[in-house]
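Trainee: model the structure of this input:
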Amino acid sequence: MRFLSFEIQAEQFGIQLETIKEVIAFPTVTPTPGTPTYFLGFMRLRDQILPVIDLRIRLGYVPTLTHDTAVVVCEWNGNSVGLVVDCIHTVVAPDEKDIMKTPLSADNQGATLISCVVRSDAGLTLLLDVKGVLNASDEDLIRSKSTLNQLRHAG
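Mentor: Presented below is the predicted three-dimensional model:
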């Protein structure tokens, strides 16, 4: 297993590489009224319109915009979605002995967000499960992106 490590308010997180399409600098985002605060809106990426979700807000942190702020473009249920993080670190390939199942119980919301914990000399990294981070209402917003792309290509 390999994952991309990143930072949110000095905490170490990661997402498995198999779900990541690319990493980009924080783009111009068009806000969408009437959506949750963590749903920032839509961005253009080449010929696509992608929804942008602030992972920092979604996880309960206060966002700050710096020159290190980045967007991790992930594949989720057949759609691309941008996840905003504070700072990108590196790709990590941990030893199996350093990967621990999440100690959270199934009735804890954190159990759906965290797929495992990786131990290293630098500390612990929480690997996020993209499917757990995004929920059914997020899927509706992301589907609306697909509608926007279809309308754009029809015209």
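
Trainee: may I have the helix or strand encompassing Ile57 exported as PDB, CA atoms only?
Mentor: Using DSSP states H and E, the element containing Ile57 is helix 55-58. The C-alpha trace of helix 55-58 is given here as PDB (Å, rounded to 0.1, in the frame of the first residue of the first chain):
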ATOM      1  CA  LEU A  55     -11.400  18.500   4.000                       C
ATOM      2  CA  ARG A  56     -10.300  20.700   6.800                       C
ATOM      3  CA  ILE A  57     -13.900  21.900   7.500                       C
ATOM      4  CA  ARG A  58     -15.300  18.400   6.900                       C
END
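
Trainee: the very next helix or strand once past it pairs with which strands, parallel or anti?
Mentor: Remark: after helix 55-58, the chain's next helix or strand is strand 70-76, criterion DSSP H and E. Taking DSSP bridges as the criterion, strand 70-76 forms sheet pairs with strand 20-25 (antiparallel), strand 79-85 (antiparallel).

Trainee: give me the mean pLDDT for strand 70-76.
Mentor: Strand 70-76 shows a mean pLDDT of 94.

Trainee: distance between it and the chain's centre?
Mentor: 6 Å (Cα atoms, centre = their mean, to the nearest Å).

Trainee: and for it, what are the contacting residues?
Mentor: Outside strand 70-76, the residues within contact range by Cβ atoms under 8 Å, 6 or more residues apart in numbering are 4, 6, 15, 19-27, 43, 45, 50, 52, 55, 80-85, 87-88, 130-131, 134, 142. In short, each C-beta sits where N, CA and C put it, glycine included.

Trainee: swap the cut-off to 6 Å and go again
Mentor: Defining contact as Cβ atoms under 6 Å, 6 or more residues apart in numbering, one finds that strand 70-76 is touched by 19-24, 80-85, 88, 130, 134.

Trainee: next: stretch 123-137.
Mentor: 3, 5, 12-15, 19, 74, 76, 112-118.

Trainee: what comes up buried for it?
Mentor: Within stretch 123-137, the residues scored as buried using 16 or more other Cβ atoms under 10 Å are 125-130, 133-134.

Trainee: poorly predicted segments of the chain, please.
Mentor: The model of the chain has pLDDT under 70 over residues 103-111, 136-137, 141-155.

Trainee: just the helices in it please.
Mentor: 55-58, 109-113, 130-133, 136-154 (DSSP state H).
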